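In: Just to be clear, the model below is a prediction. Sequence and coordinates:
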Amino acid sequence: ETIEVRQALVQFMGNMNPGNAPGRDANWGWNSSSDPCIAQWKGVRCLNSSSVKKIVLDNFNLSGILDAKSLCATKSLAVFSLNNNNVGGNLAEEISNCSHLTHLYLSRNNFTGSLPSTLARLNNLKRLNISNNGFSGVLPDLQRISGLVTFRAEYNHLSGQIPDFDFSNLNDFNVSYNNFSGPIPDVNGHLNSSSFLGNPELCGLPLTNACPTPPSPTPSTPKHKHSSIKQYLIYSGYGILALVFILLLLYKAIKVKKNKDGGKRSSGLEIVSSKPTSTSSEFKPEESRSEFSLTSPENNGKASSLVVLSSPVVNGLKFEDLLRAPAELVGRGKHGTLYKVTLNPLVNVAVKRIKDWEISGDDFKSRMQRINEVKHPNVLPVVAYYCSQQEKLLVYEFQHNGSLSKYLNGSRNGETFDWGSRLNVAVRTANALAHMHEELQNDGISHGNLKSSNILLNKDMEPCISEYGLMVVENEDEEFITDTTSIDIDNNATRNLFKSDIYAFGLILLELLTGKLVQNRASDLAKWVHAVVREEWTAEVFDKVLISEGASEERMVNLLQVALKCINPSVDARPNSSQVAAVINAIKEDEEKSTFSSAEL
Ligand SMILES: Nc1ncnc2c1ncn2[C@@H]1O[C@H](COP(=O)(O)OP(=O)(O)OP(=O)(O)O)[C@@H](O)[C@H]1O
């Protein structure tokens, strides 16, 4: 870390009277003469030994105040946890400078005052826990944070109405024992009353006290009616005028854009090139140095280029071609946006535009080159990539048959997804994963985001793992254990990344076996399967279609056992990918033998 960051962190810690911290021994660190990552300051965890990623200071007996300005000088900080200390005062608005925070835990402290409105700017936040403090006032617009899955604020003095959160994602929500009032927004059956207890003025479901019905409007007198018609006419007149004005502006804007474009381009892919201010419509191919190369002063003369890896489909593809081609938005995922780009009537590519990946250009390139060296027929290769300071793009061949998730979700045009095909998906995916893990183990590159929407079906309907190693992702739910008295999590970090892929693969097996998709919470499907299996109704978990097709229950149970091992909460108890592949191959062989012998009969 830079000296500025070290000094700011030392100042941050100095404000929390760390004198009596139980972990304060020779290894405490927290002085600006050492590096937090190299000297491993207590409670600090880093990414690639170079930037601070997590600060976990639970149960450290800290008091004083939280100096958010100093803390957030560490721009890379993703996890900050201060549970169970005695820190007081306000939560300062500078907390929003920690813009990469995904987890913020402040429970069981002495914070007071209202929550800063800037908290709502932390739009990467997934888990926020401020419970058991003395916070008061109204909640900021936290419903704007679309990825929030935990919000815990029980036992504070918060008041006002509860904002209209998207409760389908927010599955760990608790505002009980505060002073909230008014109607509870529609929780769509996702929460029960325990999330809202102890707020005497709250009403509506899931609580039992209904909200008072608003008084019915008094019938208006003819005079009123007359004046409201008059008002209506006046306002609609203004409305029409405003509309004409907006249309005029739009017309002008389109005309200017057309002139600039020379009417040539129809791209929907607005890529920011390495020139800081240019957009696709301003991009001038003639400024590039070579076919694939764009240079900008901002990159200090270094070229940022579209690197085409081996692919007959996109041979000779230029960055300009990507910009010019018509693009259609296919979907927005956690890590970015996916476009279908039509290069010519016969060639479509999928362009993944990656969001918020803090990786240097050199690291990104060497990672892509390394992944490209490891090939497997069931792993979709990256055919080209682009990396500038503002943009990271990956280009894949577009797979018209879509993903396993879509397929399981019923868009199969009436075809049944039979046991043989599902076992084939399982075995090929397992083999591909085992191969990638083995080859990339030493590089520490796991898939990081394995799920059924990242398993694509190629033209022969064979599964292909897509987006391998696209992000350095840690499994948020597993990596961060709230009981952080023991925080020695890093030695095993790399191994855990691979084991997180195994967990994810186990969920895919469950999806194949049950026909049910992992929805918002991966753990829901796992819990349901465990509950059914525990009650010895094992056959009940299997997709009815498989049962009626007469699929072998014995082999389905065998595959289920593999899945359950993969999703074992204990990382160490999970098998590795080659063990998984070996067992699934054996199940497949069994299946083939039995099909063969029944065909012989
Ligand atoms: N090469 C491809 N060809 C065809 N469809 C694709 C391709 N790559 C991805 N898709 C599909 O496009 C959709 C959006 O993909 P995207 O990767 O952006 O989202 P995601 O996988 O749901 O999320 P995440 O960002 O977490 O990976 C998904 O349904 C995915 O299956």
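Out: Structure received. Numbering: from 1, shown residues only.
In: Quick check: bridge partners of whatever residue of the chain ends up closest to the ligand?
Out: In the chain, the residue that lies nearest the ligand is residue 333 (2.0 Å; Cβ to the nearest ligand atom). To be clear about C-beta, it is placed using only N, CA and C from the backbone, and glycine gets the same treatment. Beta bridges link residue 333 to residue 336, judged by DSSP bridges.
In: sec struct for residue 342, please.
Out: strand (DSSP: H, G, I helix; E, B strand; the rest coil).
In: I meant to write residue 182 there.
Out: strand.
In: Count the neighbours of the residue nearest to it when sequence neighbours are not counted for me.
Out: Nearest residue to residue 182, sequence neighbours excluded (Cβ to Cβ, 6 or more residues apart in numbering): residue 161, at 4.3 Å. Per other Cβ atoms under 10 Å, the neighbour tally for residue 161 reads 15.
In: pretty sure residue 513 contacts residue 556?
Out: Yes. The pair residue 513 / residue 556 is scored as a contact, 6.2 Å apart, by Cβ atoms under 8 Å.
In: any common contacting residues for the two?
Out: 542, 546 (Cβ atoms under 8 Å, 6 or more residues apart in numbering).
In: Enumerate the residues of the stretch 201-350 of the chain near the ligand.
Out: With Cβ under 6 Å from any ligand atom as the criterion, the stretch 201-350 of the chain meets the ligand at residues 330, 331, 333, 334, 335, 336, 338, 350.
In: thinking the fifth one is in contact with residue 469, fair?
Out: In other words, residue 335. No. Taking contacts as Cβ under 8 Å, residue 335 lies outside contact range of residue 469: 11.9 Å.
In: Comparing these two, which residue is more hemmed in?
Out: residue 469 (22 against 18).
In: How about the more buried one: what's its closest non-neighbour residue?
Out: residue 445 (4.4 Å).
In: With adjacent residues omitted, what lies nearest to residue 186?
Out: For residue 186, the spatially nearest residue (Cβ to Cβ, 6+ apart) is residue 167, at 7.5 Å.
In: so what's residue 334 up against?
Out: 147, 449.
In: What of residue 337?
Out: 329, 331, 352, 353, 355.
In: and the third one, what pLDDT?
Out: By that I understand residue 352. Reading off the confidence values, residue 352 has pLDDT 91.
In: quick revisit: so which of the residues of the stretch 201-350 of the chain next to the ligand comes closest to residue 571?
Out: residue 334 (21.8 Å; Cβ to Cβ).
In: re the thing from before, among the contacts of residue 337, which ones are buried?
Out: Listed as buried from these are 352, 353; burial here means 16 or more other Cβ atoms under 10 Å.
In: now, the most widely separated pair of the contacts of residue 337?
Out: Going by Cβ to Cβ, the pair spanning these furthest: 329 and 355, at 13.8 Å.
In: Show me the shaky parts of this protein.
Out: 23, 48-49, 214-305, 310-313, 411-415, 472-494, 519-523, 536-537, 596-601 (pLDDT under 70).
In: can you pull out the helices in the stretch 301-450 of the chain?
Out: Applying DSSP state H, counting those that start in this stretch to the stretch 301-450 of the chain gives helices spanning 319-324, 361-373, 404-408, 419-440.
In: Pull up the pairing partners for the host helix or strand of residue 158, direction included.
Out: Using DSSP states H and E, residue 158 sits within strand 157-160. Counting by DSSP bridges, the strands paired with strand 157-160 are strand 134-137 (parallel), strand 179-183 (parallel).
In: what does the chain have sitting close to the ligand?
Out: Counting by Cβ under 6 Å from any ligand atom, the chain sits next to the ligand at 330-331, 333-336, 338, 350, 352, 396, 398-399, 402-403, 449, 453-454, 456, 466-467.
In: From those residues, list the buried ones, please.
Out: 330, 333, 335-336, 338, 350, 352, 396, 398-399, 403, 449, 453-454, 456, 466-467.
In: Remind me what the helix or strand hosting residue 505 packs against, helices and strands.
Out: In this assignment (DSSP H and E), residue 505 forms part of helix 493-514. If contacts are counted by 3 or more Cβ pairs under 8 Å, 6 or more residues apart in numbering; DSSP states H and E, helix 493-514 sits against helix 404-408, helix 419-440, helix 476-479, helix 522-534, helix 553-566, helix 577-600.
In: Kindly present the ones you listed as JSON lines, with separate columns for mean neighbour count.
Out: As requested, the helices and strands packed on helix 493-514 are exported to JSON lines (neighbours: other Cβ atoms under 10 Å):
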{"stretch": "helix 404-408", "mean neighbour count": "20"}
{"stretch": "helix 419-440", "mean neighbour count": "21"}
{"stretch": "helix 476-479", "mean neighbour count": "16"}
{"stretch": "helix 522-534", "mean neighbour count": "15"}
{"stretch": "helix 553-566", "mean neighbour count": "19"}
{"stretch": "helix 577-600", "mean neighbour count": "15"}
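In: looking at those, which is closest to residue 55?
Out: helix 476-479 (14.2 Å).
In: Taking the centroid of the protein, which residue is nearest it?
Out: residue 334 (3.5 Å; Cα atoms, centre = their mean).
In: how close does it get to residue 406?
Out: 17 Å (Cβ to Cβ, to the nearest Å).
In: Thanks a lot, catch you later.
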